[in-house]
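K.L.:
Just need the structure, nothing else, for what follows:
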Amino acid sequence: MLSTVFSTDVGNGAPAGAVLLILDAGMQNLPWESLPSLRLQRIYRMPSLACAAALAKRQRREGGFQKPGRRSIAEKGAGQGNFQGLRVANLRNTFFILNPDGDLTTRQSEFKEWFGAQADWEFKGTAGRAPTPLEVERALQHNDMFFYLGHGSGSKHLKSKQVAGLECRAVGMAMGCSSGRLKDQGAYEPAGHVLNYILAGSPVVVSNLWAVSEGDIWRFSQSCLKAMKESMEPLCVAGAVSESRSACHLRHLVGAAPVCWGIPTAVAGFSGDWRAER
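P.N.:
I've put the predicted structure just below:
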């Protein structure tokens with residue numbers, strides 16, 4: 001199962017196959033993905049090999065979203081990107097939570113201006129207010145992607161136990177400060193809110209290892225979303241993350257913060273002959 005998803009060529013020019021990092025407590029919060037020798041690799045993190053295998057099995061059982069509009073996955077051919085075994089999320093089916101605490105008004109305005117210029121993309125989500133727990137639950141369960149631009153991991157809007165009890169289908173982008181950081185638990189394994197999304201079934205969550213500036217993380221987010229939207233074929237999430245680090249002014253500080261927790265997953269944008277469906 002794991003050999004299938006981690007050997008898949010996603011056709012975006014990066015070396016074939018993804019890399020899975022399983023790090024101990026002392027190594028979790030280091031930005032291994034930004035080492036010069038690894039910057040072009042598609043890298044995913046998981047707390048254990050067993051968790052990775054269970055998540056891959058779950059994605060395979062649920063069938064993913066991989067239904068191309070004209071040609072089957074097998075007919076695409078490895079040269080143009082072989083997506084066999086990968087979940088392909090539909091970017092159009094994204095739920096946004098913007099500035100839930102109401103104090104990032106500049107970024108909220110910039111996002112709305114940018115989003116308004118995107119053709120054929122209807123905004124679905126909340127802006128300038130805190131979402132209700134029910135809204136967050138529905139976003140995670142019924143949307144292909146979940147984008148959060150606010151403070152922290154969003155745990156104040158949906159508690160850990162609530163997330164862990166969901167059947168989550170959404171690819172996550174949690175762009176708050178330290179949203180992907182795991183905290184030391186002494187004799188126990190490190191824990192963090194991002195792992196609750198993974199345990200609930202989310203195939204991958206992009207999140208930050210440390211505090212980030214709102215301007216730079218917005219530039220990173222914009223670059224990621226634009227790359228996914230304009231790609232002619234489904235784009236590997238970790239590939240989009242790797243390519244978007246350079247959009248940050250502080251590329252070795254803020255640009256090194258985002259990492260991918262989960263397993264290889266692709267996102268279908270608005271171009272090309274691919275259409276991801278439920």
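
K.L.:
What segments of the protein are strands?
P.N.:
Assigned by DSSP state E, the strands in the chain fall at 19-21, 43-45, 87-90, 94-98, 125-127, 145-149, 171-174, 183-185, 188-191, 204-208, 235-236, 258-262, 265-268.

K.L.:
pLDDT weak spots in this structure?
P.N.:
Low-confidence segments of the chain (pLDDT under 70): 1-16, 63-85, 272-278.

K.L.:
and the residue lying closest to Phe270 once chain neighbours are set aside, what is it in contact with?
P.N.:
In space, and not counting its chain neighbours, Phe270 is closest to Lys229: 5.4 Å by C-beta to C-beta, 6 or more residues apart in numbering. Every residue, glycine included, has its C-beta placed from N, CA and C. Contacts for Lys229 (C-beta atoms under 8 Å, 6 or more residues apart in numbering) come out as 91, 118, 121, 269-271.

K.L.:
and with 10 Å instead?
P.N.:
91-92, 118-121, 235, 267-271 (C-beta atoms under 10 Å, 6 or more residues apart in numbering).

K.L.:
Could you do Phe147 as well?
P.N.:
94-98, 111, 125, 139, 170-175, 206, 221, 224-225.

K.L.:
Could you measure from it over to Phe115?
P.N.:
Distance, Phe147 to Phe115, by C-beta to C-beta, to the nearest Å: 11 Å.

K.L.:
Name the residues contacting each of the two.
P.N.:
Taking C-beta under 10 Å, 6+ apart as the criterion, Phe147 and Phe115 both touch 96, 98, 225.

K.L.:
Which of those residues has the largest number of neighbours?
P.N.:
Greatest neighbour count in these, by other C-beta atoms under 10 Å, goes to Leu225: 25 neighbours.

K.L.:
Tell me how far it lies from Leu195.
P.N.:
24 Å.

K.L.:
Repeat that for Glu110.
P.N.:
For Glu110 relative to Leu195 (C-beta to C-beta), the value is 31 Å.

K.L.:
The two: who's more crowded?
P.N.:
Higher neighbour count among Glu110 and Leu195: Leu195, with 21 against 16, using other C-beta under 10 Å.

K.L.:
The more buried one contacts Gln185, correct?
P.N.:
No. If you go by C-beta atoms under 10 Å, Leu195 and Gln185 don't touch, sitting 11.6 Å apart.

K.L.:
where do the helices sit along the protein?
P.N.:
Applying DSSP state H to the chain gives helices spanning 2-7, 49-62, 73-76, 105-116, 133-142, 160-164, 193-199, 214-230, 237-244.

K.L.:
Let's have those helices in a markdown table, adding distance to Leu40.
P.N.:
Output for the helices of the chain, formatted as a markdown table (distance: least, C-beta to C-beta, whole Å):
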| stretch | distance to Leu40 |
| --- | --- |
| helix 2-7 | 16 |
| helix 49-62 | 22 |
| helix 73-76 | 23 |
| helix 105-116 | 27 |
| helix 133-142 | 31 |
| helix 160-164 | 32 |
| helix 193-199 | 24 |
| helix 214-230 | 15 |
| helix 237-244 | 7 |
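
K.L.:
between the ones you listed, which gets nearest to Pro36?
P.N.:
helix 237-244 (12.4 Å; C-beta to C-beta).

K.L.:
Just to check, Asp24 is in contact with Pro190?
P.N.:
Yes. Assessed by C-beta under 10 Å, Asp24 is found in contact with Pro190 at 8.7 Å.

K.L.:
which of those two has more neighbours?
P.N.:
When Asp24 and Pro190 are compared for neighbours, Pro190 comes out ahead with 18 against 8, by other C-beta under 10 Å.

K.L.:
which ones are touching that one?
P.N.:
Counted by C-beta under 10 Å, 6+ apart, Pro190 has contacts 23-26, 28-29, 47, 181-184.

K.L.:
Could you check how far it is from Cys236?
P.N.:
Taking C-beta to C-beta, one finds Pro190 at 26 Å from Cys236.

K.L.:
quick one: which of the strands of the chain is nearest Glu62?
P.N.:
With C-beta to C-beta as the criterion, Glu62 lies closest to strand 87-90 of the strands of the chain, at 8.2 Å.

K.L.:
quick one: contacts for Ser155?
P.N.:
162-163, 174, 176, 179, 192-194, 196.
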